[in-house]
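Q: Got a predicted model here, sequence first, then my questions.
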Amino acid sequence: MERVLKSLNDSQREAATTIDGSLLILAGAGSGKTKTITSRLAFMIENGIVPSSILTLTFTNKAAAEMRQRAFSLIQNRLEHYPLLCTFHKFGLLFLKHYMHKLNRDNSFVIIDTDDKKKIIKSFESDLPLALITSEISKYKNNLIEPDEAISSALLPNYKQIALIYKRYEEYLKDNNLVDFDDLLILPYKILESDEELTKEVSQRYRFIMVDEYQDTNDIQFKLLQKLASTHGNICVVGDDDQSIYGWRGANIKNILEFDKYFKDTKIVKLTKNYRSTSNILKAANELIAFNRNRMDKKLEATIDDGKGIEVINSNDEKEESYKISQKIKELVEGGANPNDIAILYRINALSRSIEDGLNKAHIPYKMVGGMKFYERAEIKDIISYLRVIQNHQDDFSLKRIINRPKRGIGKATVDKLYDLAYQNNSSVYTLIKNHPELLKEKLPKKALESLGEFIVKIESLSSTNGLYTLIDDLEDEFGIKEYYSKLPDSLEKVANIDEFYGLFRDYAVENEDSNLESFLNDIALQSEQDQIDDKNISVMSIHASKGLEFKYLFIIGLEEGFFPLLGDGTDLEEERRLGYVAITRAKKELYLSYADSRFYKGKRSHLLKSRFIAEAGLGGGALKLKTSSNYKKGDLVKHKIFGIGRVINVGKVKKDYKLTINFGGNIKDIISTFVEKI
DNA sequence: TAGAAGCAGATTTTT
DNA sequence: TCTGCTTCTA
């Protein structure tokens, strides 16, 4: 037992050994979070808890894999059953495979990605902006508002239209037996919500629940957790409210700020010792984040000494910026730094171009993390679409993508007519061509019809192939996808991608001998980008993509008002600041903050001001002054945006502001005075 | 039907 | 500036 816990500090140990009831582990950046939860998992198992009764949920496959590896290396005994450790979405998938019938749907559904979702909605041809429609639909879905309800409650004509599209979209998914990412969480919740017995059963199956990155959970995830924990309340969540950076995607920071309100008698353990960064870096991070009001009171403590000071780099424009940074990187590498320990971060992807130019000019090799994902590439999606159609002939959506790719003489006009006819005959497109070609005879060009017939014959023959392994070769033989791409621009890269995919497919077929095409398709749908194995180069990525990573030498670029913080309607300045905090706390040894006086963006050059975050982090003058609000005294009634109305029970000082201890109906919180209103 | 030219629109994105 | 989509023409 001691072996599992021996390298933990006191609070980590407390967190790892508190097993029953609800536990909130507030794990600051670099505070040994993963170590703590993996130790906790190992501790539970060593203590005789049946592993399969433990459910650990993460957000990424990568985190799940890392945790699994680390937890199991701590456990010496061979296990008979394993704990379930997976992403929220994978859990939803597993659940739906078992219980989809409760919604009168077949469990052979296929998962579509965001891109597919947009394409489907786009095909409904609304003149409203696509981004608005998709985000509103997502909101409806996540708030569990049914299409009919949305339609009847929509007041503005535009919203009525969106609600109607929402209805069509949901019908489309059902008809084609598709589920989107949201559904993987929403449908399980709906099933549990309507079936108390099942909820009990499932809750009893997972008697111990752990959730990683809890600050990023959304409302549905929270509700799902409530259901899962409903019979025992053994739920341990780990997170850091200061690192909540996915609010724009529906993550609700209240989930963590108010965890103790929903789960009774919560024990809170704070991990505040930082083992990652120099104290100079931590100081900047702490000072910056202290400007936020909606946060739990805590402060990271350094365990490493000062280190080098933080360097602020100013340039005239992005060209100079990328030049200066490239030179700095050269110096670092010449001084012995490993390029793998160096990273450049930015707030928006558009800034990557100038920095890439600079690195290329300086002949510094780099790797882009994020960017275009492997499975999102056109050539890969084409192959996936073929596989989907082979798997599910009713999938009109995937069929549309490949019906004329490689080109087989079926133009847009033909496709439109074909889909119309299918709609009129209440049939899927595939079935229509296969079983009722007579209905098409007079409507479609002869050549197209012939071509469609051949297409169907080929798909039919592939559908009857036994065994996964040979399928991919047969597919290439029949349709020549690789060959087609080898004649298009950028063929080298595309063919390489196709080869990689074929390789992945064959590996899967070998490793999962009794598996089938359906499970292959679902597995890859939930796969995020493979981390490139590339240890030699420096990294370039968005701040979002950097979460959970650390680098000895870190450059944050584009620190200008409007770029970072990104300003516009809907900006959440506190979330921007948390992004700044996440970015800074990625750095271990040396941190460079860069801003330019002007930048070329969206077709024009604009003059820019230095980001307020530089000053707020205590680096150079010009900090925006906090408004020192009216004085507070004990007993004042105040109102807080999140916590509501409360009474001041103590007044303390933090720097230039007052720290108020406020009682919000029994819930006692420390709040900075500027962020509450006197009433 | 397929390629060429013209035109709007452009945050972050674990699944 | 660059990309991805629509419109135009052979």
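A: Nice, I can see it. In this text, all values refer to a predicted model and were calculated from it rather than measured experimentally.
Q: Quick one: name the residues of the stretch 251-400 of chain A near DNA strand C.
A: residue A:353 (C-beta under 7 Å from any atom of the strand). All C-beta spots, glycine's among them, are computed from the backbone N, C-alpha and C.
Q: In the stretch 251-400 of chain A, what residue lies closest to DNA strand B?
A: residue A:349 (2.9 Å; C-beta to the nearest atom of the strand).
Q: For chain A, which residues are neighbours of DNA strand C?
A: A:353, A:600, A:602-603.
Q: Go again with 10 Å.
A: A:115, A:118-119, A:122-123, A:125, A:130, A:350, A:353-354, A:357, A:372, A:378, A:411-412, A:600-605 (C-beta under 10 Å from any atom of the strand).
Q: right, and residue A:317 touches residue A:600 too?
A: Yes: contact criterion C-beta atoms under 8 Å: residue A:317 and residue A:600 qualify, at 7.4 Å.
Q: does the residue of the stretch 151-300 of chain A found nearest DNA strand C count as helix, strand or coil?
A: Of all residues in the stretch 151-300 of chain A, residue A:165 sits closest to DNA strand C, with a separation of 15.8 Å (C-beta to the nearest atom of the strand). Recorded secondary structure, residue A:165: helix (DSSP: H, G, I helix; E, B strand; the rest coil).
Q: Just the CA trace of the helix or strand harbouring residue A:23, in PDB.
A: Residue A:23 belongs to strand A:22-27 when assigned by DSSP states H and E. Below are the C-alpha coordinates for strand A:22-27, written out as PDB (Å, rounded to 0.1, in the frame of the first residue of the first chain):
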ATOM      1  CA  SER A  22     -18.000  13.100  -2.700                       C
ATOM      2  CA  LEU A  23     -14.600  14.600  -3.100                       C
ATOM      3  CA  LEU A  24     -13.500  17.600  -5.000                       C
ATOM      4  CA  ILE A  25      -9.800  17.800  -5.800                       C
ATOM      5  CA  LEU A  26      -8.800  21.300  -6.800                       C
ATOM      6  CA  ALA A  27      -5.600  20.600  -8.700                       C
END
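Q: List of residues touching it?
A: A:15, A:33, A:36-37, A:214, A:229, A:233-241, A:256, A:259-260, A:263-271, A:296, A:298 (C-beta atoms under 8 Å, 6 or more residues apart in numbering).
Q: Just give the strands next to it in its sheet, each with its orientation.
A: strand A:235-239 (parallel), strand A:267-271 (parallel) (DSSP bridges).
Q: Just send the ones you listed back as TSV, with distance to residue A:331 and mean pLDDT too.
A: Below are these laid out as TSV (distance: least, C-beta to C-beta, whole Å; pLDDT from 0 to 100):
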stretch	distance to residue A:331	mean pLDDT
strand A:235-239	38	96
strand A:267-271	35	95
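Q: Can you point out the buried residues in stretch A:368-379?
A: A:368-369, A:374-375, A:377, A:379 (16 or more other C-beta atoms under 10 Å).
Q: Touching it from outside, list them.
A: Taking C-beta under 8 Å, 6+ apart as the rule, stretch A:368-379 contacts A:113, A:115, A:349, A:352, A:356, A:380-381, A:384, A:481, A:485, A:494, A:497-498, A:500-501, A:524-525, A:527-531, A:539-542, A:544-546.
Q: Check stretch A:149-157 too.
A: A:140, A:145, A:160, A:162-164, A:166-167.
Q: In strands, which of the contacts of stretch A:368-379 fall?
A: A:539-542 (DSSP state E).
Q: what are the ranges of the strands in the stretch 551-679 of chain A?
A: For the stretch 551-679 of chain A, the strands defined by DSSP state E, counting those that start in this stretch cover A:551-556, A:587-596, A:598-601, A:604-607, A:637-640, A:644-654, A:657-664, A:667-672, A:676-678.
Q: ok, and does stretch A:113-124 reach over to DNA strand B?
A: Yes: contact of stretch A:113-124 with DNA strand B (C-beta under 10 Å from any atom of the strand) involves A:113-115, A:117.
Q: Out of the residues you listed, which is nearest to DNA strand C?
A: Of the residues of stretch A:113-124 next to DNA strand B, the one sitting nearest to DNA strand C (C-beta to the nearest atom of the strand) turns out to be residue A:115, at 9.0 Å.
Q: Residue A:542 is in contact with the residue of the stretch 251-400 of chain A closest to DNA strand B, correct?
A: Yes: contact criterion C-beta under 8 Å: residue A:349 and residue A:542 qualify, at 5.9 Å.
Q: Could you check which of these two has the larger neighbour count?
A: Higher neighbour count among residue A:349 and residue A:542: residue A:542, with 20 against 14, using other C-beta atoms under 10 Å.
Q: Show me where the stretch 301-450 of chain A has its helices.
A: A:318-334, A:352-361, A:378-391, A:396-402, A:412-424, A:429-435, A:446-463 (DSSP state H, counting those that start in this stretch).
Q: Okay, angle between the last one and helix A:378-391 too, please.
A: The one in question is helix A:446-463. 70 degrees (axes from the mean of the first three to the mean of the last three C-alpha atoms, to 10 degrees).
Q: can you give me the mean pLDDT across helix A:446-463?
A: Averaging pLDDT along helix A:446-463 yields 89.
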